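K.L.:
have a look at this prediction, sequence included:
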Amino acid sequence: MTTTTAPAVKVKQRPGDRWFSGTALFAGSMILVTLAAVAIFLIVQSIPGLTATSDTASLLTGNFWQYVGPLAFGTIWASLLALLMAVPLSVAVALFISHYAPRRLAQGLGYIVDLLAAVPSVVFGLWGIIVLAPAVQPIFAWLNTYAGWIPLF
């Protein structure tokens, strides 16, 4: 038995469809052009700052990387520490919710995790500065006094 396909029917395109398609294509292209222009502008404007020496820059006493290096290291170190703490905890919570928790508890915890994921990280940062930091200050002072020989404290 052979199958035949029906010939493709050419649908007449209305003027409004052509106008909308062209307008959408133009708008999408303009977004890409604008992003490219911003990237080129930022690259061109940053070249003098990246190539500045201590003689040509009024604020820098050393080269650029003497200032950026510690900041970049601190960012990478904080990210690695955050990942070291967050990944095992998140995998443990996911395994508990999906495999070990009773159905009723798993549904409630799932909703809570979804709500936590919806809160911007800036809100958690502000909570840490305003609420958590003053609460753990005595613990940190005690750790610094009695375990200050450990580089972490």
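P.N.:
Received, thanks. Residues are numbered from 1 along each chain as shown.

K.L.:
contacts, neighbours, all on C-alpha from now
P.N.:
Will do.

K.L.:
just list what the helix ranked longest in the chain packs against, helices and strands only.
P.N.:
Assignment by DSSP state H gives helix 15-50 as the longest helix of the chain. Applying 3 or more Cα pairs under 8 Å, 6 or more residues apart in numbering; DSSP states H and E, we find helix 15-50 packed against no helix or strand.

K.L.:
just say helix, strand or coil for residue 129.
P.N.:
helix (DSSP: H, G, I helix; E, B strand; the rest coil).

K.L.:
any idea how many residues pack against it?
P.N.:
12 (other Cα atoms under 10 Å).

K.L.:
for it, give its distance to residue 121.
P.N.:
Between residue 129 and residue 121 the distance is 12 Å, computed by Cα to Cα, to the nearest Å.

K.L.:
let me see the contact set for residue 109.
P.N.:
For residue 109, the contact set (Cα atoms under 8 Å, 6 or more residues apart in numbering) comprises residue 97.

K.L.:
so what's the gap between the longest helix of the chain and the chain middle?
P.N.:
Averaged C-alpha coordinates place helix 15-50 at 23 Å from its chain's average position (Cα atoms, centre = their mean, to the nearest Å).

K.L.:
go ahead and flag the most central residue of the protein.
P.N.:
Nearest to the centroid of the C-alpha atoms of the chain, with distances taken as Cα atoms, centre = their mean, sits residue 121, at 9.3 Å.

K.L.:
next one, pLDDT for that residue please.
P.N.:
At residue 121, the model reports a pLDDT of 86.

K.L.:
give me phi/psi at it?
P.N.:
phi -60, psi -20 (degrees, to the nearest 10).
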